[in-house]
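**Student:** My questions are about this predicted structure, shown below with the sequence.
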Amino acid sequence: KSIVILISGRGSNMEAIVRAGIPGARIAAVISNRPGAEGLAFAAARDIATEVVDHTAYPDRERFDAALAEAIDRHTPDLVVLAGFMRVLTADFVRHYAGRLINIHPSLLPAFGGLHTHRRALEAGVRVHGATVHYVTPELDCGPIVVQAVVPVLPDDTEAELAARVLAEEHRIYPQAVRWIIAGRVRLDGARAEVLAAPE
Ligand code: GRF
């Protein structure tokens, strides 16, 4: 099977997936909307095809998304993985990849969708926080949940400390979720995703 990973920056989740390895699949390409994305160098060093579709070169979201989809579809992916991809995607784009587009979000959804999740978690005084891997649907940060990881929020946490604690969990659960999906163990059932037991 074929996987395309989209990044915008550091790419540490992409790196975690590449390092973990996904049985039965290859990472066909890593595509960034930012030419300077740090993660591109890691992918290139691993002989993974890299590509940039620079959103600033397009007059609107529709045309950017169309160009992005064209770049992605050249690799005929079974799964498209958003890994710190910081562009909101159009409903048409999302529908085109229905059931094969996933994202990782740094909070326990449905709490704290959107940006600055760690700061907002600290402000809200929650005692637990975490990360969510979910299928992407047109409504932002709302699709069927595949897996979540929980971390404690400690009394004197800074935003950076909390972010690092969550990120370590992201690097564990994102490769896990991708493996499950490639192995055919995730069944979509309306607004929910069910993870099936591993075959004996
Ligand atoms: C991660 O925290 C991810 O959950 C969020 O953006 C960050 C990306 O980090 N969407 P990286 O580019 O994978 O290092």
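**Tutor:** Good, I have the coordinates. Numbers count the residues shown, from 1 in each chain.
**Student:** Which residues are in contact with Leu109?
**Tutor:** Neighbouring residues of Leu109 by CB atoms under 8 Å, 6 or more residues apart in numbering: 132, 134, 141-142, 145, 148. C-beta: built from backbone N, CA, C; applies to glycine.
**Student:** Taking those, tell me the two that lie furthest apart.
**Tutor:** For the contacts of Leu109, the maximum inter-member distance is 14.3 Å, found between Cys142 and Gln148 (CB to CB).
**Student:** contacting residues for Leu188?
**Tutor:** Applying CB under 8 Å, 6+ apart to Leu188 gives the contacts 99, 135, 144, 194.
**Student:** show me the biggest helix of the protein in terms of residues.
**Tutor:** Looking across the chain with DSSP state H, the single longest helix is helix 159-182.
**Student:** Beyond that helix, next helix or strand please.
**Tutor:** Next helix or strand after helix 159-182 toward the C-terminus (DSSP states H and E): strand 186-189.
**Student:** buried set for that following strand?
**Tutor:** Val186 (16 or more other CB atoms under 10 Å).
**Student:** swap in stretch 51-69?
**Tutor:** The neighbour-count check on stretch 51-69 (16+ other CB under 10 Å) flags 51, 53, 55, 58, 64-66, 68-69 as buried.
**Student:** Could you measure from whichever residue of the chain sits closest to the ligand over to Ala37?
**Tutor:** Minimum separation of the chain from the ligand (CB to the nearest ligand atom) falls at Gly84, amounting to 2.6 Å. Distance of Gly84 to Ala37, computed by CB to CB, to the nearest Å: 9 Å.
**Student:** Now stretch 101-111: average pLDDT?
**Tutor:** For stretch 101-111, the mean pLDDT works out to 98.
**Student:** Any residue of it touching the ligand?
**Tutor:** Yes: Stretch 101-111 reaches the ligand (CB under 6 Å from any ligand atom) through 104-106.
**Student:** Which one (most neighbours) among the residues you listed?
**Tutor:** Using other CB atoms under 10 Å as the neighbour criterion, Ile104 leads these with 26 neighbours.
**Student:** could you pull out the strands for the chain?
**Tutor:** Read by DSSP state E, the chain holds these strands, from start to end of the chain: 2-7, 26-32, 49-52, 79-82, 101-105, 128-135, 145-152, 186-189, 192-195.
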